[in-house]
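# give me a model of this one.
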Amino acid sequence: MSKSSNKDKKPSLKAKNLSARLCAVQALYQVMQNKQPIKDVANEFIERRLDAEINGEKLLTPDPVVFKAILCGVDEYFLELETIVIAHFQQGKEDGNKSIEPLLKAVLLCAAYELFSRQDIDSPIIINDYLNVTHAFYEQGEVSLVNGIIDAISKSVRD
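The predicted model follows:
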């Protein structure tokens, strides 16, 4: 009997969703940094960039429907989500004026959108995936910060 290679395995829905979340964060960051229309960036990612690499590792091809839903949702509810994210970010800060680094803000906005809009997905699943996304870009300190913020957001929008 021959062993099947990893290439023969079909990616799980969970893995494709995690990849979609990671790509949504990257795309949102690009939108915020370059002031590009979200639909243009979403189409660019779907057409050319969904086979990307991070830190030399090829990403699993994400679910394009989940990817686009997150981006379009963040775009539609941007002001409300930004208000929620900033309020939770500033809680416990001695100087309430500290700004959020753009990539961190993209993570928090995407997570807040899903916690708010995807009531069909348990909070711990969304939180865990966004912590994994944060690990792709940051060290443990930022991951802990994101964990605290999105946990608080989850409690405020779901309870």
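
# lowest average confidence, helix or strand, in the protein?
Least confident helix or strand of the chain, by mean pLDDT, DSSP states H and E, is strand 53-54 with a mean of 58.

# the protein: helices as residue ranges?
Remark: helices assigned in the chain by DSSP state H are 13-34, 38-44, 64-76, 78-90, 102-117, 123-137, 140-158.

# tell me the most buried of the ones you listed?
helix 102-117 (a mean of 23; mean count of other Cβ atoms under 10 Å). In short, each C-beta sits where N, CA and C put it, glycine included.

# can you name every helix or strand that it contacts?
Packing partners of helix 102-117 (3 or more Cβ pairs under 8 Å, 6 or more residues apart in numbering; DSSP states H and E): helix 13-34, helix 64-76, helix 78-90, helix 123-137, helix 140-158.

# TSV for the helices of the chain, including mean pLDDT?
As requested, those are exported to TSV (pLDDT from 0 to 100):
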stretch	mean pLDDT
helix 13-34	91
helix 38-44	86
helix 64-76	93
helix 78-90	93
helix 102-117	96
helix 123-137	95
helix 140-158	92
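
# now do the contacts for the residue nearest to Ile121 when sequence neighbours are not counted.
In space, Ile121 comes closest to Glu114 once its chain neighbours are excluded; the distance is 7.0 Å by Cβ to Cβ, 6 or more residues apart in numbering. The neighbourhood of Glu114, defined by Cβ atoms under 8 Å, 6 or more residues apart in numbering, consists of Arg21, Ile70, Gly73, Ile121, Ile126, Tyr130.

# kindly indicate which of these lies nearest Ile86.
Tyr130 (17.1 Å; Cβ to Cβ).

# wait, the closest one touches Val107, no?
Yes. Taking Cβ atoms under 8 Å as the definition, Tyr130 is a contact partner of Val107 at 6.0 Å.

# got any residues that touch both of those two?
Val146.

# just to revisit the earlier point, which pair of the contacts of Glu114 spans the longest distance?
Across the contacts of Glu114 (Cβ to Cβ), the longest gap, 14.3 Å, separates Gly73 and Tyr130.

# residue contacts, the closest residue to Ser123 other than its chain neighbours?
With sequence-adjacent residues excluded and distances taken as Cβ to Cβ, 6+ apart, Ser123 is closest to Ser154, at 4.4 Å. Residues near Ser154 by Cβ under 8 Å, 6+ apart: Leu115, Ser123, Ile126, Ile127.

# report the two of the residues you listed separated the most.
Leu115 and Ile127 (7.8 Å).
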